[in-house]
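Asker: Need a 3D model of the following:
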Amino acid sequence: MITDNRFRLWMYQQPFVNALYGRISIVKRFLMSRFPLTGELPQQPFFVIGAARSGNTLLRAILANSEQLVIPPESYALGNIVRVWQRLNFLEWEELVRVVLGAFASHDEFYTWDLDLKELYQQLNGLPESDKNLATCLSMLFFSYRDRHQPYATRWGDKTPLNSEYLPWLNLVFPQAQYIHIVRDGRDCVASMMRAGFQGGDLQLAALEWQGGGGNNLRVGGQ
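Answerer: Prediction:
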């Protein structure tokens, strides 16, 4: 007669039981061990948004002259990483951190940040459980750029026209963030796009881009 303890030991040694236990663990992590999108931050970020060729770059240059503000080069991974985080939230924290940092590092223009992510990766892995959220992860990434390029800054911002398409997702991560929305006359903006070769010189596509990013129809958090 097999005792209870021996039976449990025998069960756990069976391949099908190990496979089933592994799948149950994954489901449990997916349903229960979820890291939040937002969290407490010492300073809330700000976002310069609007259609391309609206003067966003000029405003970035003006704001960056302040020692208290830092705005890295455009970060095309920021908006989409929110949805990636939601899909992969069943991963362990270390794996999620690799996904976030990898999304930025893999972009063709990330070299303009001139930033080594190895030290940041170690710092993020050492965070207490209460700080393990996407907002803290992204803020530490932007502050790493601050530490290297503008160490006196106390607040970070972002100037990426593409983020105009991701405002509802950004609002989930940074519900207290501030937005500077630049609206340039649509005729001037589209004409500038055409001269610069945006949208392959297609007038209709350029007009639609202005409407989506520079018009008055932008909404944040359903407002």
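Asker: Once you drop chain neighbours, what's closest to L120?
Answerer: Nearest residue to L120 in three dimensions, chain neighbours excluded: S144, at 4.9 Å (Cβ to Cβ, 6 or more residues apart in numbering). (Each C-beta comes from the backbone N, C-alpha and C, glycine too.)
Asker: just checking, the one you found touches D114?
Answerer: No: the pair S144 / D114 is not scored as a contact, 10.9 Å apart, by Cβ atoms under 8 Å.
Asker: quick one: which of those two has more around it?
Answerer: The residue with more neighbours, out of S144 and D114, is S144; 19 against 11, by other Cβ atoms under 10 Å.
Asker: For the more buried one, give me its contacts.
Answerer: For S144, the contact set (Cβ atoms under 8 Å, 6 or more residues apart in numbering) comprises 115, 117, 119-120.
Asker: And the helix or strand containing Q123, what does it pack against?
Answerer: Secondary structure from DSSP states H and E places Q123 in helix 118-125. On a contact count with 3 or more Cβ pairs under 8 Å, 6 or more residues apart in numbering; DSSP states H and E, helix 118-125 meets helix 93-105, helix 134-149.
Asker: What separation do you get for the residue nearest to L120 and Q123?
Answerer: Distance of S144 to Q123, given as Cβ to Cβ, to the nearest Å: 8 Å.
Asker: do the same with V190
Answerer: Separation of V190 from Q123 (Cβ to Cβ): 44 Å.
Asker: What count of nearby residues applies to P128?
Answerer: Per other Cβ under 10 Å, the neighbour tally for P128 reads 6.
Asker: Contacts only, for it.
Answerer: By Cβ under 8 Å, 6+ apart, no residues touch P128.
Asker: Next: the one 10 residues further on.
Answerer: Taking Cβ under 8 Å, 6+ apart as the criterion, L138 is in contact with 78, 81, 100, 173.
Asker: Looking at the residue positioned nearest the centre of the chain now. What's its pLDDT?
Answerer: Taking Cα atoms, centre = their mean, the centroid of the chain lies closest to L78, which sits 3.2 Å from it. What the model reports as pLDDT for L78 is 93.
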